[in-house]
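Enquirer: Could you work out the structure for the sequence below:
(4 chains, ligands or ions: 2)
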There are 2 protein chains.
Amino acid sequence: MEIPPVVIDRLPLYTRALASLEVQGREVISSQDLGTSLGVTPAQIRKDLSYFGRFGKQGRGYNVRKLLDELHRILGLDRQWRMALVGVGKLGRAILGYDGFRSQGFRIVEAFDVNPERVGRRVDNLTVRDATDLEPVLSKNPVDVGIVAVPAETAQDVIDVLIRCGVRAILNYAPIAARVPSGVYVKRIEPVLALQSMTYYLKNRPHAPIPTPRS
Amino acid sequence: MEIPPVVIDRLPLYTRALASLEVQGREVISSQDLGTSLGVTPAQIRKDLSYFGRFGKQGRGYNVRKLLDELHRILGLDRQWRMALVGVGKLGRAILGYDGFRSQGFRIVEAFDVNPERVGRRVDNLTVRDATDLEPVLSKNPVDVGIVAVPAETAQDVIDVLIRCGVRAILNYAPIAARVPSGVYVKRIEPVLALQSMTYYLKNRPHAPIPTPRS
DNA sequence: AAGTGTTTGTGCCCACAATTACAAACTGTT
DNA sequence: AACAGTTTGTAATTGTGGGCACAAACACTT
Ligand SMILES: NC(=O)c1ccc[n+]([C@@H]2O[C@H](COP(=O)([O-])OP(=O)(O)OC[C@H]3O[C@@H](n4cnc5c(N)ncnc54)[C@H](O)[C@@H]3O)[C@@H](O)[C@H]2O)c1
Ligand SMILES: NC(=O)c1ccc[n+]([C@@H]2O[C@H](COP(=O)([O-])OP(=O)(O)OC[C@H]3O[C@@H](n4cnc5c(N)ncnc54)[C@H](O)[C@@H]3O)[C@@H](O)[C@H]2O)c1
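Expert: Numbers count the residues shown, from 1 in each chain, chains lettered A, B, ... in the order given. Ligands and ions are numbered 1, 2, ... in the order given. Okay, the predicted model is just below:
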């Protein structure tokens, strides 16, 4: 069956909430409670999950551990994923030092840069390699995901090389509309675009603090 | 008229492409050409723009400069926006050092942290203030946008304080489902969730490089 | 065992976003 | 001035995703 991409995009959200519930020792959760904590309607959650099977129990709800396992399996989170970072600048170093990837099974196993000052230096248990070695290194030892944190001007070139190396998924921090062949998945991280759409709603509004009650 | 949020989300994309075209000296662009460069159908672009007016000319297309001005006006990008950063850690420093915000009219005018080691130090022309001063400082000198780059555990508290200070838009880097009253806009930057949805498509696929033609 | 209260899974309907299709408007050429 | 070629703006159509509502299933109490 063909599952709508929006549904797939919501599943990690459920996964994260469930992981938090499990840590809290919660054994069962209803779509109602999960929904209110996430700002999603209960029916939405139930329908999303129903694409993949029947995981709940009427009158009780969902077993937290079981549903979490199922979602991990569905999303392919029951294994480790190898990633390569390209561009070890300010952002790249923040990414390397970020624990949130590894703790979720995403391991950065290679890092590349063109700057001779950076190449060869160790950053967070990794030696920065020369970007010219990108193709030989990744061809021999493939990765699943490429993280692009280079300036906009070189981003498309980097992406082209990554794809030649068999990378099928790209996390792109550079502000460009990347062109990729079908079968390659790109997710953009675009804080500026996010800001530029919020201002639409801010404009024409009073600037003074409004004491709004918790909705 | 009520404009669909998805439409608003696409406008910054058009803005960026048009800005690039203007730099290149291009004076006119058709929805066809703009669409192919962005991976959006021409009809989609025309319909999106038609919500706001008639900016094109049959037989020619859109005047790049004029359309860019219109979009700036529509999105509220014809002014400067004041932002406050909370959390000057690894990511926060990368954000402070990033030129992409300021060049688009988004100025970070305050930075806060709880760590006594950070407080008082100058980072990129800004003195890091103590997080306890957040409320007094922002109440006296309001900002439009709050950038949250603190650990997940304290993120909701920080967001609550920002809202009390009249902040109506939040750019949230912390991996939590923030709860905000209606009238406050939140955009999440979630690289981990992005990865976790891509793996759904990667799983069950051959790992070997596939020589795919440029689509 | 019966009754009350919960909660899931899903068929159905509705809203709305995307696409199609075309008349109208404009350009450039002969 | 006529004509061929473009391209916009939008009416109409299609498609799809979200919410509603309810039967069925289960828990818990009396
Ligand atoms: N810093 C942020 O908070 C932030 C936020 C959003 C987006 N971005 C984007 O992320 C990218 C990086 O930003 P930054 O602030 O780290 O910039 P930066 O200049 O600090 O780092 C860029 C790094 O990429 C390296 N590089 C350049 N070309 C390369 C190539 N072909 N191969 C490998 N490495 C190469 C440079 O040597 C440099 O080290 C930019 O596209 C920027 O727009 C940054
Ligand atoms: N580093 C990344 O690439 C990255 C990527 C995505 C998301 N994030 C998220 O961004 C946040 C920050 O990540 P980081 O890597 O910079 O962590 P970090 O630990 O380097 O920085 C966090 C900073 O926040 C400060 N802080 C803590 N509580 C505070 C409070 N109440 N008020 C003000 N400041 C406070 C800390 O003193 C510290 O300086 C985290 O939520 C993380 O999950 C980081």
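Enquirer: what residue ranges in chain A score low on pLDDT?
Expert: For chain A, the stretches flagged by pLDDT under 70 are A:206-215.
Enquirer: Outline the domain layout of it.
Expert: Each domain of chain A is listed here as a residue range: A:5-75, A:81-193, per automatic domain parsing.
Enquirer: Check the ones you listed for me and report the most buried one.
Expert: domain A:81-193 (a mean of 18; mean count of other CB atoms under 10 Å in any protein chain shown). Glycine gets a C-beta too; all of them are placed from N, C-alpha and C.
Enquirer: and that one with chain B, contact?
Expert: Yes: shown here: domain A:81-193 in contact with chain B (CB under 8 Å from any CB of the partner chain) through A:81, A:90-91, A:93-94, A:97-98, A:100-101, A:104, A:106, A:139, A:142, A:144-145, A:163-166, A:168-169, A:171, A:175, A:177, A:179-185, A:187, A:189, A:191-193.
Enquirer: Looking at chain A, which helix is longest?
Expert: As assigned by DSSP state H, the longest helix anywhere in chain A is helix A:5-23.
Enquirer: now the strands: where do they sit in chain A?
Expert: Along chain A, counting by DSSP state E, strands occupy A:28-29, A:56-57, A:61-63, A:81-86, A:106-113, A:122-123, A:126-130, A:145-148, A:169-172, A:185-188.
Enquirer: Hmm, B:L202 and A:A169 touching each other?
Expert: Yes: A:A169 is in contact with B:L202 according to CB atoms under 8 Å; the separation is 5.6 Å.
Enquirer: Could you pull out the residues contacting both of these two?
Expert: Listed contacts common to A:A169 and B:L202 are A:D144, A:Y185; contacts here mean CB atoms under 8 Å, 6 or more residues apart in numbering or on different chains.
Enquirer: Quick check: residues of chain A near DNA strand D?
Expert: Residues of chain A lying close to DNA strand D by CB under 7 Å from any atom of the strand are A:4-7, A:41, A:43-44, A:46-47, A:57-60.
Enquirer: what do you get if the cut-off is 10 Å, keeping everything else the same?
Expert: By CB under 10 Å from any atom of the strand, the part of chain A that sits against DNA strand D consists of A:2-7, A:9-10, A:28, A:31, A:35, A:40-48, A:50-51, A:54, A:56-61.
Enquirer: Identify the residues contacting A:L162.
Expert: Counting by CB under 8 Å, 6+ apart, A:L162 has contacts A:A84, A:V86, A:L134, A:L138, A:G146, A:V148, A:I170.
Enquirer: can you redo the residues you listed as JSON lines with distance to B:A19?
Expert: Formatted as JSON lines, those follow (distance: CB to CB, whole Å):
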{"residue": "A:A84", "distance to B:A19": "30"}
{"residue": "A:V86", "distance to B:A19": "25"}
{"residue": "A:L134", "distance to B:A19": "30"}
{"residue": "A:L138", "distance to B:A19": "33"}
{"residue": "A:G146", "distance to B:A19": "26"}
{"residue": "A:V148", "distance to B:A19": "21"}
{"residue": "A:I170", "distance to B:A19": "23"}
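Enquirer: Among the residues you listed, which one sits closest to DNA strand D?
Expert: Distance to DNA strand D, by CB to the nearest atom of the strand, is smallest for A:I170 among these, at 22.8 Å.
Enquirer: what about the helices in chain A?
Expert: Secondary structure of chain A (DSSP H): helices at A:5-23, A:31-38, A:42-50, A:64-75, A:90-96, A:134-140, A:152-164, A:191-202.
Enquirer: contacts for the last one?
Expert: Applying CB under 8 Å, 6+ apart, the contact partners of helix A:191-202 are A:175, B:5, B:8-9, B:11-13, B:15-16, B:74-77, B:81, B:100-101, B:104, B:106, B:144-145, B:168-169, B:171, B:185, B:187, B:189.
Enquirer: same deal with the fourth one?
Expert: Residues from elsewhere that reach helix A:64-75 (CB under 8 Å, 6+ apart): A:8, A:11-12, A:14-15, A:18-19, A:21-22, A:26-29, A:49, A:52-53, A:55-56, A:77-78, B:196-197, B:199-200, B:203.
Enquirer: which residues touch the residue lying closest to A:E110 once chain neighbours are set aside?
Expert: Once flanking residues are discounted, A:E110 sits nearest to A:A84: 4.2 Å by CB to CB, 6 or more residues apart in numbering or on different chains. Neighbouring residues of A:A84 by CB under 8 Å, 6+ apart: A:108-112, A:134, A:138, A:143, A:145-147, A:162, A:167.
Enquirer: Try it again at 6 Å.
Expert: By CB atoms under 6 Å, 6 or more residues apart in numbering or on different chains, A:A84 lies in contact with A:E110, A:V143, A:G146.
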